[in-house]
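Undergrad: Got a predicted model here, sequence first, then my questions.
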Amino acid sequence: METILITGGCGYIGSHTALHFLKYTDKKIIIIDNLSSGFLENFNYLDKKYPNRLILEKIDLSDLVALEALFKKQKFDALLHFAAALSVEESMHMPLWYYQNNTINTTNIFKLCLKYGVEKFIFSSTAAVYGEPKNLDNGITEDTNLMPINPYGASKMMSERILIDGLMDIQNKIGLKLGILRYFNVAGASMDNQNLTKNDGLGQRSKNATHLIKVALECATKKREKMAIFGTNYPTKDGTCIRDYIHIDDLASAHLCVYDYLDSIENREFEIFNVGYGCGHSVKEVIENIKLITKKDFCVELKPPRLGDPAKLIGNVEKIFKKTKWKPKFNDLETIIKSAYEWECYLS
Ligand code: UDP
């Protein structure tokens, strides 16, 4: 039986992906999380649903001694690396923290993977690596130039480069295979949630939410009084930013498809995939849909643009469809919002 290591497995994307692997494979999972932005509740939910299949190691990725001790103790077949800081705006104020926490920590854990013969490495990257690409009729492809406009995107771009170059390292004796997933905007909650009762479900928890759908739903459920639209003069149809929103379960399933793809290839050591639906919604459109679906009104102020925000990010996702068996099931803004709303009501 294979054992996989998931960093950041108590966070939003990490925990939903762990659930997907627990449900559809027999792999054993070790989660590393320092619980700085991850939640013990997420681990407890997974552990209760799939007893004796996963272990939590509360380790900070900067603690190289503790990390190496773990690699010495246990052989890992694959690493799924989610642990990272992820706010565009925060990264504008704390760039060095983003390079330290995202890029340097990624380099360190990758070196351990090479040293201890891990065969597959799946890296959580982001559409923010593209920056603000112009005049793209078919959306952003994986070959689009990388020109990040914020330290968050730059920290992930540099991590990607280090991982790809690292494949040539003398330590890479077993030919580690690398999958890089560039996520577009993820939202929603697990479609496995049923009759949400206390501590019995999975969705987005947040100590200080900044993501659009989460923030708007916190308003709809009266956790916040109001929200803002950041920027109304962007060169888009209604002046607000456009993003490609993807349901969390579809993003989670993309990881298993890429995992299987890496198992199936012989000659290529790495592959990069955009993961989104290839269609965009504006900030105004998302907020209007949330008000309609939840039947709740709330105050929305118009504010100047947020630092570091590109006007439009829509992925071209042909490659992941062509090369892997990925079949998204919840490709619809209403499903995303409804699942996130049920979860947000439960958190109330
Ligand atoms: N946004 C907004 N108000 C909010 C949160 C986000 O207007 O309270 C906008 C933000 O400026 C961006 C879009 O919504 O244009 C998506 O932002 P989010 O933080 O969800 O994801 P990002 O694309 O920055 O990773």
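TA: Everything's here; your move.
Undergrad: contacting residues around the closest residue to Ala187 other than its chain neighbours?
TA: Spatial nearest neighbour of Ala187, chain neighbours left out: Ile213 (4.1 Å); criterion: Cβ to Cβ, 6 or more residues apart in numbering. C-betas here are computed from N, CA, C, even on glycine. Contacts for Ile213 (Cβ atoms under 8 Å, 6 or more residues apart in numbering) come out as 187-188, 245, 286, 290, 336-337, 340.
Undergrad: need the contact list for the residue of the chain found nearest the ligand.
TA: Per Cβ to the nearest ligand atom, Cys241 is where the chain lies closest to the ligand, at 3.0 Å. Contact partners of Cys241, counting by Cβ under 8 Å, 6+ apart, are 230-231, 234, 282-283, 309-312.
Undergrad: For Glu41, grab the count of nearby residues.
TA: A count of nearby residues for Glu41, using other Cβ atoms under 10 Å, gives 16.
Undergrad: Now it: which helix or strand?
TA: helix 40-49 (DSSP states H and E).
Undergrad: could you give me the average pLDDT of that helix?
TA: For helix 40-49, the mean per-residue pLDDT is 96.
Undergrad: What of stretch 218-238?
TA: 97.
Undergrad: the strands in the stretch 151-300 of the chain, which residues?
TA: Remark: strands assigned in the stretch 151-300 of the chain by DSSP state E, counting those that start in this stretch are 177-183, 185-187, 226-230, 242-243, 245-247, 270-275, 281-282, 299-303.
Undergrad: Tabulate those (TSV), appending mean neighbour count.
TA: Below are the strands of the stretch 151-300 of the chain laid out as TSV (neighbours: other Cβ atoms under 10 Å):
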stretch	mean neighbour count
strand 177-183	23
strand 185-187	23
strand 226-230	17
strand 242-243	23
strand 245-247	25
strand 270-275	22
strand 281-282	22
strand 299-303	12
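Undergrad: where does the stretch 151-300 of the chain come near the ligand, residue by residue?
TA: Applying Cβ under 6 Å from any ligand atom, we find that the stretch 151-300 of the chain lies next to the ligand at 185, 210-212, 215, 227-230, 241, 243, 283.
Undergrad: Try it again at 8 Å.
TA: 185, 187, 210-216, 227-231, 240-243, 283, 286 (Cβ under 8 Å from any ligand atom).
Undergrad: rewinding a little: for the helix holding Glu41, list the C-alpha coordinates in CSV.
TA: Extracted in CSV, the C-alpha atoms of helix 40-49 (Å, rounded to 0.1, in the frame of the first residue of the first chain):
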residue,chain,number,x,y,z
LEU,A,40,-7.7,20.5,13.5
GLU,A,41,-11.4,20.1,12.8
ASN,A,42,-10.6,19.2,9.2
PHE,A,43,-8.3,16.5,10.3
ASN,A,44,-10.7,15.2,12.9
TYR,A,45,-13.5,15.0,10.3
LEU,A,46,-11.3,12.9,7.9
ASP,A,47,-10.0,10.7,10.7
LYS,A,48,-13.5,10.0,11.9
LYS,A,49,-14.8,9.2,8.4
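Undergrad: now for the helix or strand immediately after that helix in the chain, which elements pack on it?
TA: For helix 40-49, the succeeding helix or strand toward the C-terminus, using DSSP H and E, is strand 54-57. Judged by 3 or more Cβ pairs under 8 Å, 6 or more residues apart in numbering; DSSP states H and E, the packing partners of strand 54-57 are strand 28-32, helix 40-49.
Undergrad: deepest of the ones you listed, which one?
TA: Sort those by mean neighbour count, taking mean count of other Cβ atoms under 10 Å, and strand 28-32 sits at the top with a mean of 23.
Undergrad: That strand pairs with which strands, parallel or anti?
TA: strand 3-7 (parallel), strand 54-57 (parallel) (DSSP bridges).
Undergrad: Let me see the contact set for Asp263.
TA: Asp263 touches Lys120, counting by Cβ under 8 Å, 6+ apart.
Undergrad: The stretch 101-250 of the chain: helices as residue ranges?
TA: Taking DSSP state H, counting those that start in this stretch to define them, one finds helices in the stretch 101-250 of the chain at 105-115, 151-166, 212-220, 248-264.
Undergrad: In this protein, where is pLDDT below threshold?
TA: Where the chain drops to pLDDT under 70, the residues are 135, 198-199.
Undergrad: re the thing from before, kindly reformat the strands paired with strand 28-32 as a markdown table containing mean neighbour count and distance to Lys48.
TA: Shown next, in a markdown table, are the strands paired with strand 28-32 (neighbours: other Cβ atoms under 10 Å; distance: least, Cβ to Cβ, whole Å):
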| stretch | mean neighbour count | distance to Lys48 |
| --- | --- | --- |
| strand 3-7 | 23 | 17 |
| strand 54-57 | 18 | 11 |
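Undergrad: can you list the ones you listed in TSV and add distance to Cys299?
TA: Below are the strands paired with strand 28-32 laid out as TSV (distance: least, Cβ to Cβ, whole Å):
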stretch	distance to Cys299
strand 3-7	38
strand 54-57	40
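Undergrad: I'd like these written out as JSON lines, with distance to the ligand added.
TA: Formatted as JSON lines, those follow (distance: least, Cβ to the nearest ligand atom, whole Å):
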{"stretch": "strand 3-7", "distance to the ligand": "20"}
{"stretch": "strand 54-57", "distance to the ligand": "27"}
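Undergrad: Neighbour-wise, give me the winner out of the contacts of Cys241.
TA: Counting neighbours by other Cβ under 10 Å, Val283 leads those with 24 neighbours.
Undergrad: and the gap between Leu112 and Pro95?
TA: 25 Å (Cβ to Cβ, to the nearest Å).
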